[in-house]
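Engineer: Based on what follows, work out the 3D shape:
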Amino acid sequence: MKGKYLVLSILMLWTMNGVAQTAQTSLSEQQMQDCMRLLEIAELKEADWIYSQCGFDDEEIAWYTWAPLVSKAEYPKALYQLCIRHPKNDYSTLYCQKSADLGYLPAILQNARKMRQDGKTEAYVQALSDIIERHPLDGKQVIATAEDKAAVEAYAELGSVYLQGDFVPQNVDLALQYLKKAADYDNAEASHALGIMLYWSGDKKAIQMATLYWWKAIALGCLAAEENLGYLNLYTQGRLRESDARRLMEDRMFTCSASKTVGKNAHIKTADECDCASVLAWKRSQGTKPYTLLVISDKEAELLREDGKTEKVSEGDITQAGYLVDEIRASAVIVKKGRERHVLLPQPDEDCLELCQNPNLIPTRYVNDIEPYHLKFTQTECLQLARSLENFNDIKHPIKGMGECHLQDWNTWGNGALKEKRNKHLYVLGNIEASSYLPAFVDQAERLYAPNNKKQMALFDQMLTFVTKQKPTDSLSALKKEQAYCIQTAVYMQGPHYNPQQAFAWAEAGAKEGYPQQMNMLGILYAKGEGTNTNQALAAEWFTKAIEASSVPFVDAQFNYNLLQSGESFEQFRYGSCKDIVEPTRPSVSELIEVYP
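Structural biologist: Sure thing, here's the model as predicted:
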C-alpha cells in the first residue's frame with residue numbers, strides 16, 4: 001500500500017506543478033500550515049467552517065493544493081474530508097483508505113460500506129466488528145465526536161446484518177443487542193428496525209416497546225418508518241393481511257429513505273367492482289368447475305337479478321345441460337329444471353373472491369400500489385411524537401413535528417404532560433419546576449443564584465450537590481451534571497463566595513469524573529497554589545488532560561498551558577465557561593492559530 005501512496009503523492013505533486021497552476025488560493029504558505037494543524041484539532045461538527053475557509057470545499061484547490069500536503073503529512077481527518085467532500089474524484093477511495101489505515105473510525109466505516117458494495121461481505125462485517133471493539137461506547141452518554149457517531153452507525157449496521165443473516169449466520173439475540181445500543185443513541189435506522197422486529201415478536205410487552213422505538217424513528221425523520229406506519233394502520237384496520245403487511249414492512253425495515261414506489265397512483269380494485277352475491281354463492285357451493293349449479297330460493301334469485309352487472313354467459317352452455325333459461329344476468333344465470341330453480345355461476349376471479357369475503361381488504365396483488373403514507377400531524381400522531389421525546393438520548397436533536405404539532409406550546413400540551421409525567425416534555429415546555437428531569441434542577445439552581453441571599457444560596461448549593469450525586473440517563477443530563485460541578489467550582493474560585501478549599505474539592509472531584517472544565521480549573525488552582533500547595537508540574541498535567549479530554553478545541557486550557565510554560569503573570573489565566581459544556585463556543589480561526597502551537 002505504501003508504494004501506491006508514494007505514486008499517488010508523486011502524481012499529485014506533478015499535477016500541482018503543471019495543470020494545477022490555474023488553481024488560485026489566497027492562502028499563504030504559513031496559513032496553509034496553520035490550516036493543516038487546525039484540521040486535526042477541530043472535531044468534524046466544529047470543523048466545517050475551517051474546511052471552508054481553507055479551501056477544501058473548492059474541488060480544484062482541494063485536489064491540486066491540499067491533497068499532496070495532507071497525504072505527505074498523514075493527517076487522517078483531512079484525508080477523510082478529501083474523500084467524502086469530493087467523492088467523484090479518482091483518488092477519493094485511496095484517501096479514504098489511507099485515513100482508515102491511520103485509524104480514523106469514520107474512514108474505516110466508509111471503507112467498510114465500499115467493501116459491501118464490492119461484494120466483500122466478510123471484510124465488511126469484520127470492519128464493523130473492529131470499529132465496535134475499538135470504540136465500544138460503554139457507559140458513554142454524550143455522542144460528541146465523529147468517531148462516536150461512526151461507532152453508533154457500526155452498531156446499527158452490524159445489528160441489521162445479524163438480524164437478516166445475509167453475510168453471517170442469523171443471530172436474533174445479538175441483533176437485538178446491537179440495534180438497541182444504536183437506537184438508544186438516537187440512531188433512526190436502528191430505532192426503525194428494532195420497532196418492526198419487536199412488533200412482530202407477538203409479545204405484548206415487546207409490542208409496547210416497539211411502539212416507542214417506531215415513533216422515535218419517525219420523530220428522528222425516518223421516512224420509511226412513516227410509510228411503514230401507514231401499512232401498520234391498514235393492517236390494524238383489517239385492510240391488509242398479516243403476511244402482506246409483514247412483507248411490506250420488512251422490505252423497508254433497514255432503511256430510512258423515502259419509497260420509490262412507481263405505481264402509487266395505480267387503480268386498486270374494490271368490492272364495488274365485483275358481483276358479490278354471485279361470488280359468495282359460488283363460495284358457498286365450493287365449486288371447482290368453471291360453472292357451478294346451486295339450488296337457491298326465490299328471494300335469493302331476486303337478489304341476484306338486482307345485483308346483475310355487465311358480463312353475459314352464453315345460452316349454449318345452459319341449454320346443453322338440459323335446462324330452460326329463465327333469465328340471463330351479468331355473472332349468473334337463473335335456470336329452471338322442473339319445479340326447481342337453479343343458478344349457474346362462473347368461477348370468480350381471485351380479487352373478487354378476496355374482496356367479497358372482506359370488502360375492506362386490499363387484494364395481495366395490489367399491495368405494492370399503495371400510496372406511501374406520510375404524517376398528517378393529527379392529534380393522535382402529535383401525541384405519539386410528544387411521548388417519543390421521553391425516549392430521546394439527546395432532546396436537542398431536531399424533532400419532526402416540533403413546529404407542526406406545537407410541541408413547545410404549554411396551552412396545547414401542558415396538562416397532558418403533567419398528567420402523564422412526561423418530564424422531558426415538561427422541560428421542553430419550559431416548566432422546570434414541575435419536571436424531575438435532571439437538567440431541570442440545574443436550571444432551577446441557576447435561577448436561585450443570588451450572592452446576597454443566604455436562603456437562596458443554600459437551596460442553590462443543595463440542588464447542584466443533588467445533581468452531582470445522580471446517575472445521568474441521557475446526553476443532556478450528563479452535560480448538565482458536568483455543568484453542576486463547573487458552576488460549584490466557579491462560585492468558590494472567584495467572587496463573594498471565594499473559598500479556595502471548596503473550589504479545590506469541587507475541581508478535583510469533577511476532574512476525576514473526566515470533565516475538561518474541571519481539569520482546567522484544577523490546573524489553575526495548582527499553578528496558583530490556591531486550596532492546595534503550588535505544583536506547576538501537576539498544573540501542566542491537568543491543562544494537558546483538559547485539552548485531550550475535550551471533544552472540541554479547548555482554547556482556554558491551551559492558552560493556560562502556554563501561559564504556564566511562558567512564566568508570565570498567572571492573573572491572565574482563563575477560567576473557561578460553564579455554558580460551553582452544553583453549547584460550545586466556536587473559536588475563530590485566528591484565535592486557534594494564535595493559541596495552538
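Engineer: Tell me if His342 really is in a strand.
Structural biologist: Yes - with DSSP: H, G, I helix; E, B strand; the rest coil as the criterion, His342 is part of a strand.
Engineer: hey, what's the closest residue to it other than its chain neighbours bridged with?
Structural biologist: Nearest residue to His342 in three dimensions, chain neighbours excluded: Val335, at 4.9 Å (CB to CB, 6 or more residues apart in numbering). Placement of C-beta: from N, CA and C, glycine included. Judged by DSSP bridges, the bridge partners of Val335 are Val325, His342.
Engineer: Ser588 - how many residues pack around it?
Structural biologist: Neighbours of Ser588 under the rule other CB atoms under 10 Å: 10.
Engineer: can you confirm Leu345 is in a helix?
Structural biologist: No - read with three-state DSSP, Leu345 is strand and lies in no helix.
Engineer: Quick check: nearest residue in space to it, chain neighbours excluded?
Structural biologist: Once flanking residues are discounted, Leu345 sits nearest to Trp282: 4.5 Å by CB to CB, 6+ apart.
Engineer: separation between the one you found and Phe570?
Structural biologist: According to CB to CB, to the nearest Å, Trp282 stands 97 Å off from Phe570.
Engineer: I'd like to know which elements whichever helix or strand Gln33 is part of is packed against.
Structural biologist: For Gln33, the host element (DSSP states H and E) is helix 29-41. Judged by 3 or more CB pairs under 8 Å, 6 or more residues apart in numbering; DSSP states H and E, helix 29-41 is in contact with helix 44-54, helix 67-73, helix 76-85, helix 589-595.
Engineer: Buried residues of the second one, list them for me.
Structural biologist: It stands for helix 67-73. Judged by neighbour count (16 or more other CB atoms under 10 Å), helix 67-73 contains these buried residues: Ala67, Pro68, Leu69, Val70, Ser71.
Engineer: mind listing what the spatially closest residue to Lys528 that is not a sequence neighbour touches?
Structural biologist: In space, and not counting its chain neighbours, Lys528 is closest to Phe570: 5.4 Å by CB to CB, 6+ apart. Neighbour list for Phe570: Ile524, Ala527, Lys528, Leu563, Leu564 [criterion: CB atoms under 8 Å, 6 or more residues apart in numbering].
Engineer: how about the residues you listed in CSV, adding neighbour count?
Structural biologist: CSV is the format used below for the contacts of Phe570 (neighbours: other CB atoms under 10 Å):
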residue, neighbour count
Ile524, 25
Ala527, 22
Lys528, 17
Leu563, 19
Leu564, 20
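Engineer: hmm, back to that, pLDDT at the residue nearest to Leu345, what is it?
Structural biologist: Trp282 is assigned 76 on the pLDDT scale.
Engineer: SS state for it?
Structural biologist: At Trp282 the chain is in helix, as set by three-state DSSP.
Engineer: Look up how far Ser257 lies from the closest residue in space to Thr255 that isn't next to it in sequence.
Structural biologist: Of all residues not flanking Thr255 in the chain, Ala224 sits nearest, at 5.1 Å (CB to CB, 6+ apart). Counting by CB to CB, the separation of Ala224 from Ser257 is 6 Å.
Engineer: pretty sure the residue nearest to Leu345 contacts Pro348?
Structural biologist: Yes - counting by CB atoms under 8 Å, Pro348 is a contact partner of Trp282 at 5.8 Å.
Engineer: More neighbours: those two, which one.
Structural biologist: Between Trp282 and Pro348, counting by other CB under 10 Å, Trp282 is the more crowded of the two (24 against 21).
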